[in-house]
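S.K.: this is a predicted model, with the sequence first.
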Amino acid sequence: MNNKPGMKEKVIGIGYYRREQWLQLLETAADAQILEKTYDEWLEILDSSMEKIKAHGIEPELIHVDVNELLDFCKNKGLQNNAGARSIFITELSRKKKEI
């Protein structure tokens, strides 16, 4: 990336789900209607989104999301499994990853 010296690189965490958990995500999401119906459709959107993010000078970082851990997180925080809760969960995973 062509950042000036001393500038921080902009990075954004993007949730990445495993194919074998896609149906579980759809079945448990309060907002399943906004999610792609198939994993392959979702992958196409993910690829497109990552390219758009890169075009804006931001480096996307895939953050692996285990749906069971997501559901536990939602339960413990009293949240529904929706876009907002998934975003909070991914942000927390990203922060933890940076601490390692």
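M.R.: Yep, that arrived.
S.K.: where do the strands sit along the chain?
M.R.: Secondary structure of the chain (DSSP state E): strands located at 11-17, 59-65.
S.K.: now the ones you listed in JSON lines, with mean pLDDT and distance to residue 95?
M.R.: C-betas here are computed from N, CA, C, even on glycine. Below are the strands of the chain laid out as JSON lines (pLDDT from 0 to 100; distance: least, CB to CB, whole Å):
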{"stretch": "strand 11-17", "mean pLDDT": "92", "distance to residue 95": "9"}
{"stretch": "strand 59-65", "mean pLDDT": "95", "distance to residue 95": "10"}
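S.K.: out of these, flag the one nearest residue 33.
M.R.: Nearest to residue 33, of all those, is strand 11-17, at 17.0 Å by CB to CB.
S.K.: which of the residues in that closest one are buried?
M.R.: 13, 15, 17 (16 or more other CB atoms under 10 Å).
S.K.: which residues does the first one contact?
M.R.: Taking CB atoms under 8 Å, 6 or more residues apart in numbering as the definition of contact, the neighbours of residue 13 are 60-61, 63, 90-91, 93-94.
S.K.: swap the cut-off to 10 Å and go again
M.R.: Applying CB atoms under 10 Å, 6 or more residues apart in numbering to residue 13 gives the contacts 60-63, 65, 87, 90-95, 97-98.
S.K.: can you check the last one too?
M.R.: Taking CB under 10 Å, 6+ apart as the definition of contact, the neighbours of residue 17 are 24-25, 35, 39, 42-43, 46, 64-67, 70, 86.
S.K.: just among those residues, which is most surrounded?
M.R.: residue 70 (24 neighbours; other CB atoms under 10 Å).
S.K.: surely that one meets residue 80?
M.R.: No - if you go by CB atoms under 10 Å, residue 70 and residue 80 don't touch, sitting 11.4 Å apart.
S.K.: which residues do these two both contact?
M.R.: Common neighbours of residue 70 and residue 80 (CB under 10 Å, 6+ apart) are 28-29.
S.K.: now residue 76: how far from residue 57?
M.R.: 36 Å (CB to CB, to the nearest Å).
S.K.: er, residue 93 actually
M.R.: 23 Å.
S.K.: who does the residue nearest in space to the middle of the chain form a beta bridge with?
M.R.: Centroid check for the chain by CA atoms, centre = their mean gives residue 15 as the closest residue, at 1.7 Å. Judged by DSSP bridges, the bridge partners of residue 15 are residue 63.
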